[in-house]
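Engineer: quick one: sequence plus predicted model below, questions after.
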Amino acid sequence: MFDSFGRGLRMIWSSIKMGLQDQRLLWPSILTVFTNFFFGFILIYFGEQKIPGLGEKLGEKASGLAAVGEHAARGSHHLLQHGAPQLLQHVDPSKILGMGSLNGPLDMSGFQAMSGQVSDTVTSQASLGVLGILCVWWITNRFLEGVTTALTYSHLTEGPGSGRFFTACKAVLESLPAIVMLGAVTFIARNIAKFMRKKQGSGVLGFGVNFLAGIVEVFWTLAGHLILPAIVIEGSSFIGALKRADRIASGNLLTIGVGEVGVDGICRLVSWLTYLFGVALGGAAYYASTVQHIAIPPALIGLGVIGWGCMVIVVTSFSIYIRAAFYTCLYVWAIESEAVAVSERVRVAPPGPLAAALA
């Protein structure tokens, strides 16, 4: 576990240095954050116009996060009076950690990346308009992830500054049909997993079905990260990219497993801490104004909100970029290993940040 954590930190730090060296690698991830905000607002506005009461249902979906904020606000009062042990009685860490887990609401690379917790509401209302927004949202995210993949691939194989943003966008656009197919299969896999969860029984059988549904979600999320580079880098069709990913997985082209470099876990942890910091900051402000009756200047509140918002944007952007860079490194390593004899594969050096992680 600690080895994985250490490798992940080295991978992340090396990826950040690579991104700062060639800042174009970071542009698509920054755009992804802002497009997520944009499509989120569009979805809420359109839903309120076309589906009465959607805002209220979205509020119910967000009740878990609101409850965390309320507990943190109460906990800040106990923290100041009784210390940290009292705070822990009011905040359920498992609920917060669950939000940052793979495919959780705060995981922007998994099944929830397109629609978050809104998909159940959309499905129940059978709104083609909202479904269309979600599809465009998902394609936009995958398009930008594909651009990051193409730029990172050029950086790793041809040298810093070799990638061109326009060229990367053109390559991804040419692969758009395969990316759309990837999205369709992802949608089907997610709904199969959701159906399995709803139809599960009780006891051991129920646990087994729920566990199997989780495997389907996690497997396809991770597989998608290897399928996308095959589509973008090699221009493969969806079926060709699926076969390519299968050859990588079954042909022992990678001498390490994904879990041996704890990039995903660290990114989720940092995201969780960032969100928790905002909740704690809001709780402290609430305690100061309502319990201590301290007048907080609106300018200070606005500055705090803007500062925390910038922190969220930076952390989320780097998280998206680092994950894309990690899976691109894995893919480059796999195709370089494939080009040599089996006995020589152990001598193929990992590319860029991955080499630093495994040093």
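Structural biologist: In hand now; what should we look at? Numbers count the residues shown, from 1 in each chain.
Engineer: what about the helices in the stretch 201-350 of the chain?
Structural biologist: 203-234, 238-250, 263-290, 298-338 (DSSP state H, counting those that start in this stretch).
Engineer: quick one: which of those helices is nearest residue 354?
Structural biologist: Closest to residue 354 of the helices of the stretch 201-350 of the chain, according to C-beta to C-beta: helix 298-338, at 3.9 Å. To be clear about C-beta, it is placed using only N, CA and C from the backbone, and glycine gets the same treatment.
Engineer: after the closest one, next one along is what?
Structural biologist: Moving toward the C-terminus from helix 298-338, the next helix or strand (DSSP states H and E) is helix 352-358.
Engineer: name the helices or strands packed onto that next one?
Structural biologist: Judged by 3 or more C-beta pairs under 8 Å, 6 or more residues apart in numbering; DSSP states H and E, helix 352-358 is in contact with helix 2-21, helix 298-338.
Engineer: tell me the buried residues in it?
Structural biologist: For helix 352-358, burial by neighbour count (16 or more other C-beta atoms under 10 Å) applies to 352, 353, 354, 356, 357, 358.
Engineer: of the helices of the stretch 201-350 of the chain, which approaches residue 181 most closely?
Structural biologist: Per C-beta to C-beta, nearest to residue 181 of the helices of the stretch 201-350 of the chain: helix 238-250, 3.8 Å.
Engineer: as PDB, could you dump the C-alpha coordinates of the closest one?
Structural biologist: Extracted as PDB, the C-alpha positions of helix 238-250 are listed here (Å, rounded to 0.1, in the frame of the first residue of the first chain):
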ATOM      1  CA  PHE A 238     -14.100   0.800 -31.400                       C
ATOM      2  CA  ILE A 239     -13.900  -3.000 -32.000                       C
ATOM      3  CA  GLY A 240     -10.200  -2.700 -32.900                       C
ATOM      4  CA  ALA A 241      -9.500  -0.600 -29.800                       C
ATOM      5  CA  LEU A 242     -11.300  -3.100 -27.700                       C
ATOM      6  CA  LYS A 243      -9.200  -6.000 -29.100                       C
ATOM      7  CA  ARG A 244      -6.100  -3.800 -28.600                       C
ATOM      8  CA  ALA A 245      -6.900  -3.300 -24.900                       C
ATOM      9  CA  ASP A 246      -7.600  -7.000 -24.600                       C
ATOM     10  CA  ARG A 247      -4.100  -7.800 -26.100                       C
ATOM     11  CA  ILE A 248      -2.500  -5.400 -23.700                       C
ATOM     12  CA  ALA A 249      -4.300  -7.000 -20.700                       C
ATOM     13  CA  SER A 250      -3.900 -10.600 -21.700                       C
END
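Engineer: now do the SS call for residue 148.
Structural biologist: Classification of residue 148 by DSSP: H, G, I helix; E, B strand; the rest coil places it in helix.
Engineer: next up, the contacts around it.
Structural biologist: Contacts of residue 148 were listed using C-beta atoms under 8 Å, 6 or more residues apart in numbering, and they are 25, 28, 29, 320, 321, 324, 325, 328.
Engineer: now those as JSON lines including neighbour count, pLDDT and distance to residue 47?
Structural biologist: Shown next, in JSON lines, are the contacts of residue 148 (neighbours: other C-beta atoms under 10 Å; pLDDT from 0 to 100; distance: C-beta to C-beta, whole Å):
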{"residue": "25", "neighbour count": "26", "pLDDT": "95", "distance to residue 47": "34"}
{"residue": "28", "neighbour count": "28", "pLDDT": "95", "distance to residue 47": "27"}
{"residue": "29", "neighbour count": "24", "pLDDT": "95", "distance to residue 47": "27"}
{"residue": "320", "neighbour count": "26", "pLDDT": "92", "distance to residue 47": "25"}
{"residue": "321", "neighbour count": "25", "pLDDT": "95", "distance to residue 47": "30"}
{"residue": "324", "neighbour count": "27", "pLDDT": "91", "distance to residue 47": "30"}
{"residue": "325", "neighbour count": "31", "pLDDT": "93", "distance to residue 47": "34"}
{"residue": "328", "neighbour count": "31", "pLDDT": "92", "distance to residue 47": "35"}
